[in-house]
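S.K.: A structural model of the following input is requested.
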Amino acid sequence: MDSKVIGIMLILGAILTMGVWMIFDIDTSGMSPSDSMTAMLADKSKVEIASILNVFGVMSMFTGLYFLAKSLKSDNTISNHFSEIGGLFLLLCVPIWVVLVGADLSALDAAKEYGNDVGSTIIATSTAFEMGGILLVVGLFMLGISLTLLRKYKGIIGILFIIASVSAFIDMIFSIDMFGMIGWMGMFLLTFVTGILVMLKKEN
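M.R.: So this is what the prediction gives:
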């Protein structure tokens, strides 16, 4: 795939997902599914906009990362293995994360049609897809190793992807806010920066 297309996908995906997170986020962390449903219904328009933008954002970002991994094929066998497996994990993230971020929209529709209890059930069920974060973390970790082995972008971007993915994994296990910020926000920012570098074709 053309590098400019990959770059645009990475930039657009990062802007949509990170922008929604920063502007439209409704904090329901620590809430029960029932309380989350109540909070979402109180700001229904914002939730609907966030869900739609998030769906397009994650589709663009993860597909772009998959094609980036595919573009790393080289004479380095070890790097090829890491990029292929990492790319596969990132591609598998697409349907899982689309369901996860789009679940709020389905929950709102169900609550309107059948009542809050049904909407709350959808929210509760969708939490199972949060484990898709493991695929993202491992996929980006492997992509980072491949970028580092090939010395793409002087190896800096690869090392930063490794640090961000390890930080996100630590946050998933121990729920440490500092590691969560470094990991998740770092991944979005690195995806955005990588998209710019790919578009400019600055690999070294």
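
S.K.: Tell me where the protein has helices.
M.R.: Counting by DSSP state H, one finds helices in the chain at the ranges 3-23, 33-42, 44-70, 77-114, 116-126, 132-149, 156-174, 177-180, 186-200.

S.K.: residues in contact with the first one?
M.R.: Translated: helix 3-23. Around helix 3-23, the neighbours that count as contacts under C-beta atoms under 8 Å, 6 or more residues apart in numbering are 50, 53-54, 56-65, 67-68, 71, 185, 188-189, 191-192, 194-201. Heads up, the C-betas are built off the backbone N, CA and C, glycines and all.

S.K.: tell me which residues in it are buried?
M.R.: Within helix 3-23, the residues scored as buried using 16 or more other C-beta atoms under 10 Å are 3, 6-18, 20.

S.K.: of the residues you listed, closest to Arg151?
M.R.: Here the nearest of the buried residues of helix 3-23 to Arg151, counting by C-beta to C-beta, is Ser3; it sits at 17.5 Å.

S.K.: Pull out the buried residues from the contacts of helix 3-23.
M.R.: For these, a burial check counting by 16+ other C-beta under 10 Å picks out 50, 53-54, 56-65, 67-68, 71, 185, 188, 191-192, 194-195, 197-199.

S.K.: Stretch 119-136: how far from the chain's middle?
M.R.: 14 Å (C-alpha atoms, centre = their mean, to the nearest Å).

S.K.: Stretch 164-181 now?
M.R.: Computed by C-alpha atoms, centre = their mean, the chain-centroid distance of stretch 164-181 equals 14 Å.

S.K.: cool, and stretch 29-38?
M.R.: How far stretch 29-38 lies from its chain's middle: 22 Å, per C-alpha atoms, centre = their mean.
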